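**Q** below are the sequence and a predicted model; questions follow.
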Amino acid sequence: MEVYSQSKAQAAGIDDIFVQDNQSFSAFEGTIRGLHFQRPPHAQAKLVRCVRGSIMDYAVDIRRGSPTYGQHVSARLTAEGGEQLFVPVGFAHAFVTLEADVEVAYKVTDVYAPDCDGGIVWNDPTIAIDWPLPASGAVLSDKDRVLPTLAEFDSPFAYDGRPLEPLPAL
């Protein structure tokens, strides 16, 4: 299958240039990765797809001054369906695995910079994501357990006038 086409991305309004490809593996159903972002000067847009299994993917608007600050959009991504979703700069990104042994691949528009790494805690009551978790609950990294809430976060991202919209599929 064709997994990326610059001309199709541009036709969907995505003119970002991707500089790095990443892949993650999650062994357990209910694994949550996020809500993550990178601060400027290494802020990243992402093009996400699930290459094995299935996930629910989330993008949270963290652009200060945005009328939809703290609101989120979501979409189900499956390896079988081949869906890909674009998460712009100024949005925190997360996903939860809907089954065991899931692999997620994503393109990013800037390199990983640990000093620019940031996040919001996954269960922030202001954001109120209704995570589809198994009875055993969420599986989290130590890093994701201790992230700040949205109220504790001072966003470096400014609202650019573009409304929160469903994530475009490619």
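**A** That came in fine, so what should we check first?

**Q** show the contacting residues for the closest residue to T68 other than its chain neighbours.
**A** In space, and not counting its chain neighbours, T68 is closest to L164: 3.8 Å by C-beta to C-beta, 6 or more residues apart in numbering. Any C-beta I mention is one placed from the backbone N, CA and C, and that applies to glycine too. Counting by C-beta atoms under 8 Å, 6 or more residues apart in numbering, L164 touches 61, 66, 68, 71, 73.

**Q** contact partners for the first one?
**A** Residues in contact with D61, defined by C-beta under 8 Å, 6+ apart, are 68-72, 90-91, 164.

**Q** which stretches of this structure form strands?
**A** Using DSSP state E, the strands of the chain run over 20-26, 32-38, 46-52, 54-61, 72-78, 84-87, 91-97, 102-108, 117-119.

**Q** which stretch in these has the least confidence?
**A** Least confident of the strands of the chain, judged by mean pLDDT, is strand 84-87 with a mean of 90.

**Q** which strands and helices sit next to that strand?
**A** strand 46-52, strand 54-61, strand 72-78 (3 or more C-beta pairs under 8 Å, 6 or more residues apart in numbering; DSSP states H and E).

**Q** so can I have CSV of these showing distance to D160?
**A** What follows is the helices and strands packed on strand 84-87, written out as CSV (distance: least, C-beta to C-beta, whole Å):
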stretch, distance to D160
strand 46-52, 17
strand 54-61, 11
strand 72-78, 16
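
**Q** so of these, which one's packed in deepest?
**A** strand 54-61 (a mean of 25; mean count of other C-beta atoms under 10 Å).

**Q** what's the angle between it and strand 32-38?
**A** With axes from the mean of the first three to the mean of the last three C-alpha atoms, to 10 degrees applied, the angle from strand 54-61 to strand 32-38 works out at 40 degrees.

**Q** tell me the angle strand 54-61 makes with strand 20-26.
**A** Using the same axes, to 10 degrees: strand 54-61 against strand 20-26 is 120 degrees.

**Q** follow-up on the earlier one: ok, so of the contacts of L164, who is nearest D142?
**A** Nearest to D142 among the contacts of L164: D61, at 26.6 Å, using C-beta to C-beta.

**Q** what bridges to the closest one?
**A** Under DSSP bridges, the beta-bridge partners of D61 are F91.
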